[in-house]
Each structure stands twice: as structure tokens, then as C-alpha cells.
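Trainee: Structure, please.
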Amino acid sequence: MKRLSSLFLLLLLACLPAALCAQEQAPAPADTLEHEVLLETSMGDIRVKLYNDTPRHRDNFLALVRQGFYDGILFHRVIPNFMIQAGDSASRHAPEGVRLGDTPEPYTVEAEIRFPERFHKCGALAAAREDDSVNPQRASSAWQFYLVYGRVYDEAGLDKAQAWLDEQTHGAVKLTPEQRAVYTTEGGVPYLDGQYTVFGEITEGLAVVDRIQWVGRDEHNRPFDDVRILRATVVR
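Mentor: You can find the predicted model right below:
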């Protein structure tokens, strides 16, 4: 009996390292994994992570990336100290000088505005949409997204932004002390808070966004020289 017990103990000890290794390498549960997408652009790479508390936008974006929808798409609208925007399907082959951004889309994505947790800090990934006048539910574009750069604000500037938000949202959106601290150090675009769905953020490549926002552009804010997403890939 003693020999059998010792053999069992040895076998148990031999299995423990493999079991521990398997436990360490186990993939994260689906509800905790934060997916990441790599945007390889003609001006450098941008990597973004997608939030799990905006699942409709996350899943829509992942599906489009996996279908290759964003491969070849232009950043068709860039505004310094504000944002860069992409996703118009017509931009793949649009002639120079043509205004982009108004191509009809097959569906919209129900709004998932998670304010104050998600806001327009520098590096935020958000969904474009039609104006409130024709889209009171603030549903998002099926395809178009923007990457926030913005600028750093002082307290007086944030007070002006808050006054604008009060007017646009009837006082429903109030900047928190934590948000104000971010806007006065890292920057962003507080004027958009609580009105558009923020569904991710940049983890690498913010300097690329900075370079893109300053390219020469026409009266429609389309770059004179095409800035293109060469390939979009789900990397996590």
C-alpha cells in the first residue's frame, strides 16, 4: 500500500507543472478580453483597443475589419486639433477633390453612449453619425469612425465647453472633475461628450494621428494627398 501511495504522489507531482502551465496560458474569457485592431496606414500604424461595454459597436467594427471593409479606405476628413475620420466606402476610388462622407449606408448601429465612463479624450475611437435633426436617437454610422486628437484646455476653456454641452444636451451632460483633469493635461474634444458613442481608444500610434491631422486639405477637409488605410487586422 505504501508503494502505491508513493507512486500516486509522484504521478501527481509530475502533473502539477503541466496543469499550472495550462492554467497560465488559458485564454481570457470572452467577456474580459479586449479586442485590438491594427490599422496599417500610408503614414504609419495605429493600434486601437475596443471596449466591451459598447458591444454592438465592438462587434460591428470587428466584423467589418474581418471582412476587409477598411482595406483601401481613405481618411477622408481631417481637422487639426480635432479628429481624423474614415469609413466612407466610396473613398476607395474617389477622384481628387470630391467631397466624401455622405455615401448611403445599409444600416445604423444603436447608440451606446457610456458617459461619463467613456469620453472624448485624446486618442478616443468613436462612431460618426448623422445630426440630431435627422437622427434624434443618435444612432451611429454603420461604417464611419473617427480618432480624436483635440487639444489641451485650460479651466476657462472647459467652462465654455460645459456651457455648450448644457445648451446641446439640456444640462444632461456634466464634465466630471476626473474628465476635466484629463482635458487639462492630455487634451481631447469635450464638446462632443455624451452625444456620440466612444467605443475604444488608441494604444499605439497617437503620433501617426498627429501627423495625419496636419496634412494639407481642401475646403471639405479632405487631404490633398490621399491618406489611406492599407490594411486593418484584428490582432487580439
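Trainee: Please name the bridge partners of the residue nearest the centre of the chain.
Mentor: Geometric centre of the chain, nearest residue: residue 125, 2.3 Å, by CA atoms, centre = their mean. Beta-bridge partners for residue 125, by DSSP bridges, are residue 147, residue 200.
Trainee: Kindly provide the distance from it to residue 96.
Mentor: From residue 125 across to residue 96, the span is 27 Å (CB to CB, to the nearest Å). Glycine gets a C-beta too; all of them are placed from N, C-alpha and C.
Trainee: Show me where the protein has its strands.
Mentor: With strands called from DSSP state E, the chain shows them at 36-41, 44-50, 75-79, 83-86, 108-109, 124-127, 140-141, 145-148, 198-204, 229-234.
Trainee: from those strands, which stretch is densest packed?
Mentor: strand 124-127 (a mean of 26; mean count of other CB atoms under 10 Å).
Trainee: and that one, average pLDDT?
Mentor: Averaging pLDDT along strand 124-127 yields 98.
Trainee: May I have it as PDB, with CA atoms only?
Mentor: What follows is strand 124-127, C-alpha atoms only, in PDB (Å, rounded to 0.1, in the frame of the first residue of the first chain):
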ATOM      1  CA  ALA A 124     -10.500  58.100 -28.300                       C
ATOM      2  CA  LEU A 125     -12.100  56.000 -31.000                       C
ATOM      3  CA  ALA A 126     -15.700  57.000 -31.700                       C
ATOM      4  CA  ALA A 127     -18.500  56.400 -34.200                       C
END
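Trainee: what about the helices in the chain?
Mentor: Ranges of helices in the chain, per DSSP state H, are 2-25, 55-67, 155-169, 177-185, 206-213.
Trainee: Not counting its neighbours along the chain, what's nearest residue 168?
Mentor: In space, and not counting its chain neighbours, residue 168 is closest to residue 195: 6.7 Å by CB to CB, 6 or more residues apart in numbering.
Trainee: got it, and residue 60?
Mentor: Nearest non-adjacent residue to residue 60, counting by CB to CB, 6+ apart: residue 109, 5.3 Å away.
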